[in-house]
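# A structural model of the following input is requested.
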Amino acid sequence: MGTYSLRIIENKSSQFGVPSTCTLMLKKTDVPQGPMETAQYHSPWEPLKLKLSECGIHDDELQKARESLDANGSATITEVVLPDEQLTQLGFVVLAA
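Numbers count the residues shown, from 1 in each chain. Below you'll find the predicted structure:
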């Protein structure tokens, strides 16, 4: 189990009718210069929101993230405590300590 910072980037398609995708980036908060992993979501925000909610991220944090994505195309959720099982559910290979 570790404490992480999650960064979400929305990749808007330039083609009409093609939905946006999301990139989720994960970084351990106690290793500021350490590795960062990414997971791709080839779908819009809703499936990612559901997975984040299932990992215990509260609705108010998810709403703030959605608002930031709408305004800036990116969002950060800090101080997220995730066990290895939830990291795997989000699409990450478990980071080395």
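
# all contacts plus neighbour counts: C-alpha atoms, from now on.
Will do.

# tell me how many other residues crowd Phe16.
For Phe16, the count of nearby residues is 6 (other Cα atoms under 10 Å).

# what does the helix ranked longest in the chain rub up against?
Criterion DSSP state H: the longest helix present in the chain is helix 59-72. Helix 59-72 has contacts (Cα atoms under 8 Å, 6 or more residues apart in numbering) with Ile8, Ile9, Glu10, Trp45, Lys49, Ser53, Ser74, Ala75, Thr76, Ile77.

# cool, stretch 22-33 as well?
Residues outside stretch 22-33 that contact it (Cα under 8 Å, 6+ apart) are 2-11, 34-45, 48, 79.

# list the buried ones in that stretch?
Cys22, Thr23, Leu24, Met25, Leu26, Lys27, Lys28, Thr29 (16 or more other Cα atoms under 10 Å).

# equivalent analysis for stretch 41-52, please.
Tyr41, Ser43, Pro44, Trp45, Leu48, Lys49, Leu52.

# would you reformat those as CSV and include secondary structure?
As requested, those are exported to CSV (DSSP: H, G, I helix; E, B strand; the rest coil):
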residue, secondary structure
Tyr41, strand
Ser43, coil
Pro44, coil
Trp45, helix
Leu48, helix
Lys49, helix
Leu52, helix
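
# rebuild the residues you listed as a markdown table, extending it with distance to Leu90.
Output for those, formatted as a markdown table (distance: Cα to Cα, whole Å):
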| residue | distance to Leu90 |
| --- | --- |
| Tyr41 | 10 |
| Ser43 | 14 |
| Pro44 | 15 |
| Trp45 | 13 |
| Leu48 | 8 |
| Lys49 | 11 |
| Leu52 | 8 |
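
# having no further points to raise, I will conclude here.
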